[in-house]
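Trainee: coords below, sequence missing:
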């Protein structure tokens with residue numbers, strides 16, 4: 001670690017709320033076990049919907065805050081973010097009173113934000129008129145409440161905002177945090193993503209696009225990335241947050257250093273609002289840029305956490321892009337943890353960044369479960385089917401996040417050696 005540049009950006013804390021558990025420890029344990037967090041949809045009566053399954057957070061108690069009214073004014077996605085941030089901050093040993101609050105930033109992405117509040121308000125408006133609307137409804141609706149609430153709870157006064165780029169939102173938030181630290185605009189950034197939009201409108205709209213799995217009778221087998229029998233993604237909810245800081249700041253406060261955040265690659269397909277580029281060019285470009293930004297050769301990568309959502313076209317194109325880029329890196333292992341968590345949309349990239357960090361620390365790759373017959377495009381890739389395995393030789397990992405609109409993010413991490 002001593003040879004690292006003092007300006008290197010490191011990860012010092014992890015926190016999560018997911019369908020596998022209310023904290024990062026339980027989430028990671030579930031991933032290594034190959035356990036699915038998908039089950040029957042209970043958030044609302046889904047009897048009339050074609051899709052009646054989801055990745056719900058079932059063991060969650062909103063965190064206590066300095067002002068009890070704060071939590072009541074927050075939609076579920078922001079409550080998740082605050083809980084995940086609290087875990088990450090504790091994990092990092094960060095004490096708000098011992099740092100300059102003006103030098104601590106917060107960047108929390110969300111793809112959809114408080115859509116549930118929007119649905120609720122529309123019902124009230126239609127049934128009772130505008131006078132019955134919640135005067136605090138806007139605060140529950142807007143996506144930046146997660147970042148704001150974390151800043152308020154801890155007194156952090158540095159840069160704070162909310163990237164929104166569909167399923168790439170969490171990845172973009174982490175890339176933005178990296179830029180803030182490199183530019184010297186902050187010494188520490190609390191960053192991640194949050195989502196809680198399991199609702200009639202979301203399930204209905206994604207169902208109308210034929211994007212969701214309808215494997216209702218066997219929910220734990222429904223999310224099948226890279227498998228020939230996949231029939232769509234499974235909507236999920238949760239949050240993941242990390243603490244990032246410059247190495248010199250982390251050393252100064254003797255923080256636990258979990259990984260080095262080496263670089264980020266960002267690209268845009270500029271092709272279609274929902275479909276990726278038919279040759280996967282944006283995917284490949286993001287991965288190449290992340291390696292270039294991090295100063296990493298192809299053969300340094302031992303594990304890649306794929307975006308793979310279990311949708312037919314996107315899985316095939318991502319597999320093809322990975323095979324093309326890493327054709328001379330046969331040691332690479334690839335898995336999609338969405339097979340267990342479902343797709344957390346704007347929080348997915350942040351959760352999978354945590355997976356990448358822990359995989360590096362423990363030299364273990366969580367599996368792609370429900371993988372029985374890989375799609376032809378994925379033939380030749382080591383997809384870590386159905387059981388966790390030791391990470392391949394290599395000092396680095398990548399994490400992919402791709403979103404509607406052609407937004408692509410790849411994040412690169414390495415160990416301390």
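Mentor: Now that the structure is in, tell me what you want to look at. These figures come from a predicted structure and were not determined experimentally. Numbers count the residues shown, from 1 in each chain.
Trainee: neighbouring contacts of stretch 35-49?
Mentor: For stretch 35-49, contacts defined as Cβ atoms under 8 Å, 6 or more residues apart in numbering pick out 18-20, 30, 51-56, 58, 198-200, 203-204, 207, 216, 219-223, 234, 236, 339-342, 369-370. C-beta here means a position set from N, CA and C on the backbone, and glycine is covered the same way.
Trainee: now with 6 Å, please.
Mentor: Residues outside stretch 35-49 that contact it (Cβ atoms under 6 Å, 6 or more residues apart in numbering) are 19-20, 52-55, 198, 200, 203, 219-220, 222-223, 234, 340-342.
Trainee: by residue count, tell me the biggest helix in the chain.
Mentor: Longest helix in the chain, counting residues (DSSP state H): helix 76-92.
Trainee: quick one: the helices in this protein?
Mentor: 24-33, 68-72, 76-92, 115-128, 137-141, 145-154, 169-182, 200-208, 247-252, 281-294, 312-325, 338-341, 348-362.
Trainee: out of those helices, which is the most enclosed?
Mentor: Greatest average neighbour count among the helices of the chain goes to helix 338-341 (a mean of 30), per mean count of other Cβ atoms under 10 Å.
Trainee: the longest helix of the chain to helix 24-33, inter-axis angle?
Mentor: 90 degrees (axes from the mean of the first three to the mean of the last three Cα atoms, to 10 degrees).
Trainee: ok, the closest residue to residue 193 other than its chain neighbours to residue 206 distance?
Mentor: Using Cβ to Cβ, 6 or more residues apart in numbering and skipping residues adjacent in sequence, the residue nearest residue 193 is residue 170, 2.7 Å away. To residue 206, residue 170 is 18 Å away according to Cβ to Cβ, to the nearest Å.
Trainee: one more: residue 179?
Mentor: Between residue 179 and residue 206 the computed distance is 31 Å (Cβ to Cβ).
Trainee: how about the contacts made by residue 314?
Mentor: Residue 314 makes contact with residue 276, according to Cβ under 6 Å, 6+ apart.
Trainee: ok, now which ones touch the residue nearest to residue 193?
Mentor: Counting by Cβ under 6 Å, 6+ apart, residue 170 touches 109, 193, 346, 347, 349, 350.
Trainee: can you lay out those residues as CSV showing distance to residue 257?
Mentor: Shown next, in CSV, are the contacts of residue 170 (distance: Cβ to Cβ, whole Å):
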residue, distance to residue 257
109, 24
193, 22
346, 27
347, 24
349, 22
350, 19
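Trainee: closest to residue 293 among the residues you listed?
Mentor: residue 349 (16.1 Å; Cβ to Cβ).
Trainee: next one: the closest one, what pLDDT does it get?
Mentor: The per-residue pLDDT reported for residue 349 equals 98.
Trainee: touching, it and residue 403? I think so.
Mentor: No. With contacts counted by Cβ atoms under 6 Å, residue 349 stays clear of residue 403, the gap being 8.7 Å.
Trainee: thinking residue 190 is in contact with residue 105, fair?
Mentor: No. In terms of Cβ under 6 Å, residue 190 does not count as a neighbour of residue 105; the distance is 7.2 Å.
Trainee: quick one, which of those two is more surrounded?
Mentor: residue 190 (32 against 25; other Cβ atoms under 10 Å).
Trainee: give the contact list for that one.
Mentor: Residue 190 neighbours (Cβ under 6 Å, 6+ apart): 85, 106, 243.
Trainee: state the distance from it to residue 83.
Mentor: 13 Å.
Trainee: gap between the lowest-mean-pLDDT helix or strand in the chain and the chain center?
Mentor: Least confident helix or strand of the chain, by mean pLDDT, DSSP states H and E, is helix 68-72 with a mean of 79. With Cα atoms, centre = their mean, to the nearest Å as the basis, helix 68-72 stands 25 Å off its chain's centre.
Trainee: cool, and stretch 203-211?
Mentor: On the basis of Cα atoms, centre = their mean, stretch 203-211 is displaced by 21 Å from the centre of the chain it belongs to.
Trainee: rounded mean pLDDT for that stretch, please.
Mentor: Mean predicted lDDT for stretch 203-211 stands at 96.
Trainee: related to what we said a few turns ago, let me know the closest of the contacts of residue 170 to residue 115.
Mentor: So of the contacts of residue 170, ranked by how close each gets to residue 115 (Cβ to Cβ), first place is residue 346, at 11.0 Å.
Trainee: correct me, but the closest one touches residue 110?
Mentor: Yes. Look at residue 346 against residue 110 with Cβ under 6 Å: they come within range, at 4.3 Å.
Trainee: list residues touching both of these two?
Mentor: Counting by Cβ under 6 Å, 6+ apart, the common neighbours of residue 346 and residue 110 are 169, 195.
Trainee: dump the contacts of residue 190 to JSON lines, plus pLDDT.
Mentor: Formatted as JSON lines, these follow (pLDDT from 0 to 100):
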{"residue": "85", "pLDDT": "98"}
{"residue": "106", "pLDDT": "98"}
{"residue": "243", "pLDDT": "98"}
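Trainee: let me have those in JSON lines, adding distance to residue 412 as columns.
Mentor: Listed next are these as JSON lines, based on distance: Cβ to Cβ, whole Å:
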{"residue": "85", "distance to residue 412": "23"}
{"residue": "106", "distance to residue 412": "23"}
{"residue": "243", "distance to residue 412": "18"}
